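K.L.:
predicted model and sequence below, questions to follow.
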Amino acid sequence: MSQDDETIRVYGAEAERYAKVFSAPSKDPALRAFLDMLSPASNVLDLGCGPGFAAAYMANQGHKVTASDATPEMVRMAAAHPGVTAEIATFDDISGTQIYDGVWANFSLLHAPRAKIPIHLEAIAKALKPGGVLHVGMKTGTGEKRDSIGRLYTYVTQEELTKLLQAVGLTPLRHRTGADKGLDGTVAPWVTILARADA
């Protein structure tokens, strides 16, 4: 499986606390930029949806949202939001061709092993409709390691992530960088990239 069992266990144990810490997606400029790229009533996948706040916001904006996460506790939270179809799934379950107008992968793929990230990005690119958009957020750096509460992270540089996206036929359009305190209390740098599938 391309998602780490210990990471899934930690998220299950910390689901309630996570939901309290990360609960205001409407203030996220990356989410607004992503939604600005979508047509009304777009078909969207929230990949690694967590408690489903972003999925709920997208559904409230009139989009058809499928939310997936490998942590059952998170999926139960996501499924409680009106308009959100939530399912337990890992990154290995990304499948299908030209299904989604948009994929929101906000700081989820960073829990995949490094060797699997190109494979998952290729599956996402295949699942996007021509001209579809992907938002991906990752912590920046190099290597892999566990944080203080046990979650496994794969770190990338902005240049590396850009090249990974280009290699699967996605064109990066814009990026944002910053640093924020995570669930483990550590401030870490990050990058988000908004990319479009070839039309």
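P.N.:
Noted; the coordinates are in hand.

K.L.:
residues in contact with the residue in the chain sticking out farthest from the centre?
P.N.:
For the chain, the largest distance from the centre (CA atoms, centre = their mean) belongs to Ala199, which lies 22.2 Å off. Applying CB atoms under 8 Å, 6 or more residues apart in numbering, one finds that Ala199 lies in contact with Pro130, Gly131. All C-beta atoms are positioned from the backbone trio N, CA, C, and that covers glycine.

K.L.:
return the helix or strand in this structure with minimum mean pLDDT.
P.N.:
Within the chain, no helix or strand scores below helix 15-21, which has a mean of 87 by mean pLDDT, DSSP states H and E.

K.L.:
contacting residues around the following helix or strand past that one?
P.N.:
Toward the C-terminal end, the helix or strand that comes next after helix 15-21 (DSSP states H and E) is helix 29-36. With contact meaning CB under 8 Å, 6+ apart, helix 29-36 is reached by 25, 54, 57-58, 61, 63, 102, 104, 106, 133, 135, 137, 174, 176, 192, 194.

K.L.:
give the buried subset of those residues as a PyMOL selection command.
P.N.:
Restricted to the buried members of those, where burial is judged by 16 or more other CB atoms under 10 Å, the PyMOL selection command reads as follows:
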select buried, resi 25+54+57+58+61+63+102+104+106+133+135+137+192+194
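
K.L.:
residue boundaries of the helices in this structure?
P.N.:
Under the criterion DSSP state H, helices of the chain are mapped to 5-13, 15-21, 29-36, 53-60, 72-79, 117-127, 158-167.

K.L.:
Gly178: neighbouring residues, count only.
P.N.:
By the other CB atoms under 10 Å criterion, the neighbourhood of Gly178 contains 11 residues.

K.L.:
do the same with Val21
P.N.:
As a burial measure, Val21 scores 12 neighbours (other CB under 10 Å).

K.L.:
cool, thanks, signing off.
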